[in-house]
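K.L.:
Sharing a sequence plus its predicted fold:
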Amino acid sequence: MKIAFIYIAEPYQCYHTASVASALAAIPGHDVVEYYSFPETVKHLARIRRALDVPDLPLKAFPKSLKARLLKRARRLDQERLVVLRENIAELNQYDAVVATEYTAGVLREMGLCGPKLILLMHGAGDRYVNDEHLVRDFDLTLVPGPKVESYFQDKGLLKQETTRVVGYPKFDVFEAVQREKTISFGNGRPFALYNPHYQRKLTSASGWMMPLIRGFKAQSETGESDYNLVVAPHIKTFHKGFGIRERQLKRQRSPEVMVDTGSSAMLDMTYTSQAALYIGDVSSQVYEFLGIPRPCVFLNPRKLPWRDDPYFLHWTLGEVVEDLDDLMPAIARARERHAAYRPAQESLFQETFGTPLLGGSQRAADAIAEFMAAA
């Protein structure tokens with residue numbers, strides 16, 4: 001069997017998929033080749049394989065036309081991704097299966113992918129509606145992390161039981177291997193809170209509340225009132241546009257008690273979510289990674305969205321939701337003492353999201369692909 005694993009977005013996709021590609025390549029009769037779009041992907045794949053102590057796999061860059069390269073330079077990355085996929089249909093049609101980790105790859109069918117089986121290794125475990133999730137129905141096999149996600153897509157009529165497998169979350173296997181590489185510490189010795197806003201314009205808290213949050217932590221540090229330092233690590237796609245202006249502006253906010261990250265591997269590999277003492281965010285699915293160890297959460301709702309009883313905001317039941325800027329720092333200050341009220345729900349929803357056992361998802365996913373291909 002010839003299997004292509006495709007990384008068509010930023011290197012964060014490596015941490016969800018590379019361990020599965022390696023596990024599948026170790027099963028006799030499966031030749032795995034990886035394709036990437038972002039050059040930075042190469043070093044992340046090498047880092048993961050080094051941590052897992054497994055050999056590198058054959059690796060190819062997606063060929064790109066002048067149009068695709070211009071879109072990349074202009075940071076029109078969503079458009080570039082579609083152009084790159086369309087331009088490489090003939091290349092991918094040589095394989096028995098194509099494995100991707102985002103819904104966008106579903107468009108390959110209408111673009112002319114006709115030979116290979118199309119397999120989705122779903123990443124992310126949040127509750128947020130994604131506008132291209134309808135493309136899930138175009139995959140021949142879908143691997144989901146746990147029963148929560150499986151039920152969601154089956155209830156919407158996007159998945160069939162016979163083409164769905166629950167495998168867990170392979171990213172935890174990668175984290176288990178790389179977690180010892182870096183410990184986050186501050187000079188004052190205090191633990192840190194992680195601020196992890198999403199990039200989606202209509203839902204993010206970053207546009208109006210990021211700077212007041214940073215100023216609040218700095219002010220409390222000066223008076224000695226704060227229990228935490230702050231790590232600001234927005235979703236990597238926050239910096240898609242703007243030609244680096246956002247990164248430069250944000251980096252100027254660094255101080256002894258405020259760490260800013262706009263693109264390091266720590267944003268992608270659970271370094272921050274595993275070590276933070278408090279999570280502050282809005283709709284990023286990284287909150288579920290954080291809850292591997294139940295800890296206090298604070299969710300920001302500056303637009304006062306009507307979130308109660310909305311399944312897309314289920315995770316907002318796991319901590320206090322702040323809707324007024326004046327209550328932001330007080331909510332952070334009381335998060336620890338209020339955590340006991342939220343902990344049972346955190347533990348329950350974490351298990352529904354990822355299932356059990358927590359580790360071994362990479363091998364389960366590889367086995368599911370091998371079994372599906374053998375039957376096909």
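P.N.:
Structure's in. What do you need?

K.L.:
any weak-confidence spans in the stretch 151-300 of the chain?
P.N.:
The stretch 151-300 of the chain contains residues with pLDDT under 70 at 222-225, 238-245.

K.L.:
Show me the strands in it, by range?
P.N.:
164-166, 192-196, 229-232, 258-260, 278-281, 297-300 (DSSP state E, counting those that start in this stretch).

K.L.:
Can you add distance to A345 and mean neighbour count and give the ones you listed back as CSV?
P.N.:
No exception for glycine: its C-beta is placed from N, CA and C like everyone else's. Shown next, in CSV, are the strands of the stretch 151-300 of the chain (distance: least, C-beta to C-beta, whole Å; neighbours: other C-beta atoms under 10 Å):
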stretch, distance to A345, mean neighbour count
strand 164-166, 21, 19
strand 192-196, 20, 25
strand 229-232, 25, 25
strand 258-260, 29, 19
strand 278-281, 14, 26
strand 297-300, 10, 23
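
K.L.:
quick one, which of those is nearest to R81?
P.N.:
strand 192-196 (23.5 Å; C-beta to C-beta).

K.L.:
returning to that earlier point: distance to T356 added to the strands of the stretch 151-300 of the chain, as TSV?
P.N.:
Below are the strands of the stretch 151-300 of the chain laid out as TSV (distance: least, C-beta to C-beta, whole Å):
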stretch	distance to T356
strand 164-166	11
strand 192-196	25
strand 229-232	29
strand 258-260	33
strand 278-281	22
strand 297-300	22
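
K.L.:
and R364, which of those strands is closest to it?
P.N.:
Minimum separation from R364 across the strands of the stretch 151-300 of the chain (C-beta to C-beta) falls at strand 164-166, 8.0 Å.

K.L.:
and the closest one, what does it pack onto?
P.N.:
strand 141-144, helix 147-155, helix 361-375 (3 or more C-beta pairs under 8 Å, 6 or more residues apart in numbering; DSSP states H and E).

K.L.:
got the buried residues for stretch 353-373?
P.N.:
By 16 or more other C-beta atoms under 10 Å, the buried positions in stretch 353-373 come out as 353-355, 360-370, 372-373.

K.L.:
Now tell me which of these the prediction trusts least.
P.N.:
Among these, G355 carries the lowest pLDDT, at 89.

K.L.:
And it, its phi and psi?
P.N.:
Taking degrees, to the nearest 10, you get phi 70, psi -170 for the backbone angles of G355.

K.L.:
what's around the nearest residue to it once chain neighbours are set aside, how many residues?
P.N.:
Nearest non-adjacent residue to G355, counting by C-beta to C-beta, 6 or more residues apart in numbering: G146, 4.0 Å away. When neighbours are counted by other C-beta atoms under 10 Å, G146 registers 21.

K.L.:
Isn't G146 up against F354?
P.N.:
Yes - here G146 reaches F354: they are 4.7 Å apart, a contact under C-beta atoms under 8 Å.

K.L.:
between those two, what contacts are shared?
P.N.:
With contacts taken as C-beta atoms under 8 Å, 6 or more residues apart in numbering, the residues that reach both G146 and F354 are A125, G168, Y169.

K.L.:
Between these, identify the one with the most neighbours.
P.N.:
Neighbour counts for the shared contacts of G146 and F354, by other C-beta under 10 Å, peak at Y169, which reaches 27 neighbours.

K.L.:
Quick check: it vs V20, distance?
P.N.:
Noted for Y169: a distance of 11 Å to V20, by C-beta to C-beta, to the nearest Å.
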